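Okay, here's the prediction I keep looking at, along with the sequence it came from:
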Amino acid sequence: MFGRLLNNFTDYSFDQVNTLSLEELQDRADHLHSLIFPIVKENLDHYRRSMATSFSKRHKVGHDLFPIDSYVITVPDNRKNKAEARYEGPFRVVKRTTGGTYQLLDADGRLLGRNYAPQQLKLVSGNTSFLPTTEVEAILERRQLPNSAEAEYLVSWKGYPESHNEWIPFSSFHDVQIVKEFNDNANPNPAKRKARTAIATAKKQK
């Protein structure tokens, strides 16, 4: 049954049971403590060390990966296409939580709405001071300069009059989502082109 032979119809109740003596039990216990248990412990320690090494290679672990007041850029969770920014930031590290995540401060001194795990961050090296930034209210037009692969965009700045509208290059945008939305909704006829309003920051040229 189930791969085993069936027992014969035999009464085993009168069979002699050979039990170990107290000395034999003590010898077996000494054998377990002196030989078997140390081997098992050594194998477990080796397994734990190998697992810890493997985990450290695949995860950023440590308390000083991103020191307080250092600057980082974030890696978006879901990058839908190549036109979207590969990184966002820079942001300033203000706190490391007990869970190992980091709280970040944006260029306007506001806390981001979520915490970031170490693998979602990259440390910014070199000059880490924030560049002056201003919030973009809307993109009005786009132009392609001759002999240049980078487009420029006419933007209006939040809190500034129309006289401060200016052309800025694509590389000056900290968040390219507003640029993507404008390009997706751009009309070939400039007279019918509508400005897209969104929250974004860029380096103001003036």
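In hand now; what should we look at?

Nearest the geometric middle of this structure, what residue?
Q120 (1.9 Å; C-alpha atoms, centre = their mean).

separation between that one and K95?
As judged by C-beta to C-beta, to the nearest Å, Q120 and K95 stand 16 Å apart. Using the backbone N, CA and C atoms, a C-beta is placed for each residue, glycine as well.

what pLDDT does the spatially closest residue to the residue nearest to the centre of the chain that is not a sequence neighbour get?
Distances taken as C-beta to C-beta, 6 or more residues apart in numbering place V75 nearest to Q120, at 5.2 Å, with adjacent residues excluded. Note for V75: predicted pLDDT of 78.

do the same with P90
78.

let's number from 35 now, not from 1
Renumbered: residue one is now 35, and that last one reads P124.

Identify each buried residue in the host helix or strand of it, please.
Per DSSP states H and E: P124 is located in strand 122-130. Neighbour-count burial for strand 122-130 flags E122, G123, P124, F125, R126, V127, R130 (criterion: 16 or more other C-beta atoms under 10 Å).

Show me the strands paired with it, marking each as parallel or antiparallel.
Counting by DSSP bridges, the strands paired with strand 122-130 are strand 105-108 (antiparallel), strand 136-139 (antiparallel).

what about dumping the CA coordinates of it to PDB?
The C-alpha trace of strand 122-130 is given here as PDB (Å, rounded to 0.1, in the frame of the first residue of the first chain):
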ATOM      1  CA  GLU A 122      14.000  63.300 -11.000                       C
ATOM      2  CA  GLY A 123      15.600  65.800  -8.700                       C
ATOM      3  CA  PRO A 124      17.900  66.700  -7.200                       C
ATOM      4  CA  PHE A 125      16.400  66.500  -3.700                       C
ATOM      5  CA  ARG A 126      18.000  66.900  -0.300                       C
ATOM      6  CA  VAL A 127      18.000  64.100   2.200                       C
ATOM      7  CA  VAL A 128      16.500  65.200   5.500                       C
ATOM      8  CA  LYS A 129      15.800  62.000   7.400                       C
ATOM      9  CA  ARG A 130      16.400  58.200   7.400                       C
END
